[in-house]
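In: 3D model of this:
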Amino acid sequence: MAWMKWLALALLVVIGTGAGVSTAAAQNANGGKKRLVVLGDSITAGYGLDGGTSEAYPALIQKKIDDAGLAWTVANAGVSGDTTAGGLRRIDWALGKDGADVLLIALGGNDGLRGISPEQTEKNLLGIVAKARAKNPAMKIAIAGMQMPANMGQDYTDSFKAVFPKVAEAEKATLIPFLLEGVGGDPELNQDDRIHPTAEGQKIIAGNVWEKLQTLL
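Out: All right, here's what the predicted structure looks like:
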């Protein structure tokens, strides 16, 4: 039975070598750069902007990264109209075969506007983090907080706002307290629908994100 022991050892060597090659391939898939994936909705996708995604905050973050001389590439996984449930369904697709070193979750706004229960939003966000870390346990996570207007009712707005810091604390993720800080509700920084930021509003969002994100890169 010596040949069986040899075969088992050979298989272990092959499997171990293959895993190393796969890891190296993933690391070099972006020319040696690490990868930041932004999982978001229409704000992330640059809805209504003349330049589309090129004027959205992920592209502006990429410029800040390049200006700082950091070896990172940003993947914009924003889909207009998406909810946390949609993000949960497509997180594996968004991460792709290359995965990510950092994942920014910028979802929840559409949950609030549709009146989805904060408990369900929380459950979906936790599910997204779990799926992401199943793909890469070392992945760093950032969560962008969202808030709802007062006309949604005090109880709902308070419960909704509390979801994001709660998930961030539970998952030891970096919290961006409010993605639209300095932009939300300002008619000068939003398009006519008063929901989607203008190009100038996107610049402020990029600043909000960069302030917290740069410590992870």
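In: Does the closest residue to Thr174 other than its chain neighbours lie in a helix or a strand, and which?
Out: Leaving aside its sequence neighbours, Thr174 sits nearest to Ala142 (CB to CB, 6 or more residues apart in numbering; 4.3 Å). The way it works is simple: take the backbone N, C-alpha and C, and place the C-beta from them, glycine included. Using DSSP states H and E, Ala142 maps to strand 140-144.
In: following that strand, which helix or strand comes up?
Out: Next along from strand 140-144, by DSSP H and E: helix 154-170.
In: Counting by contacts, list what the next helix-or-strand element following that next one packs against.
Out: Following helix 154-170 in sequence order, the next helix or strand is strand 174-176 (DSSP H and E). Applying 3 or more CB pairs under 8 Å, 6 or more residues apart in numbering; DSSP states H and E, we find strand 174-176 packed against strand 140-144, helix 154-170, helix 199-213.
In: If we use 6 Å, what do you get?
Out: Strand 174-176 sits against strand 140-144, helix 199-213, with contacts defined as 3 or more CB pairs under 6 Å, 6 or more residues apart in numbering; DSSP states H and E.
In: could the ones you listed be laid out in a markdown table, adding distance to Arg35 and mean pLDDT?
Out: Listed next are the helices and strands packed on strand 174-176 as a markdown table, based on distance: least, CB to CB, whole Å; pLDDT from 0 to 100:
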| stretch | distance to Arg35 | mean pLDDT |
| --- | --- | --- |
| strand 140-144 | 11 | 98 |
| helix 199-213 | 13 | 97 |
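In: Among the ones you listed, which comes closest to Asn151?
Out: Ranking the helices and strands packed on strand 174-176 by proximity to Asn151 (CB to CB) places helix 199-213 first, at 21.0 Å.
In: Show the contacting residues for Tyr47.
Out: For Tyr47, the contact set (CB atoms under 6 Å, 6 or more residues apart in numbering) comprises Ser80, His196.
In: returning to that earlier point: which of the helices and strands packed on strand 174-176 has the highest mean neighbour count?
Out: strand 140-144 (a mean of 24; mean count of other CB atoms under 10 Å).
In: between that strand and helix 154-170, how big is the angle?
Out: Between the axes of strand 140-144 and helix 154-170, defined by axes from the mean of the first three to the mean of the last three CA atoms, to 10 degrees, the angle is 170 degrees.
In: Each with direction, which strands does strand 140-144 pair with?
Out: Within its sheet, strand 140-144 is paired with strand 102-106 (parallel), strand 174-176 (parallel), according to DSSP bridges.
In: what does it contact?
Out: Here strand 140-144 has contacts from 102-106, 129, 164, 167-168, 173-176, 179, 213, 216, using CB under 6 Å, 6+ apart.
In: distance between that strand and the chain's centre?
Out: A distance of 6 Å separates the centroid of the chain from that of strand 140-144, by CA atoms, centre = their mean, to the nearest Å.
In: Direction-wise, compare that strand with helix 199-213 and give the angle.
Out: 140 degrees.
In: mind starting the numbering at 16 from now?
Out: Sure, I'll start numbering at 16, so the last one becomes strand 155-159.
In: CA atoms of strand 155-159 as PDB?
Out: The C-alpha trace of strand 155-159 is given here as PDB (Å, rounded to 0.1, in the frame of the first residue of the first chain):
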ATOM      1  CA  LYS A 155     -12.100  44.600   5.200                       C
ATOM      2  CA  ILE A 156     -15.600  45.900   5.200                       C
ATOM      3  CA  ALA A 157     -16.900  49.500   5.200                       C
ATOM      4  CA  ILE A 158     -20.600  50.300   5.700                       C
ATOM      5  CA  ALA A 159     -22.200  53.600   4.600                       C
END
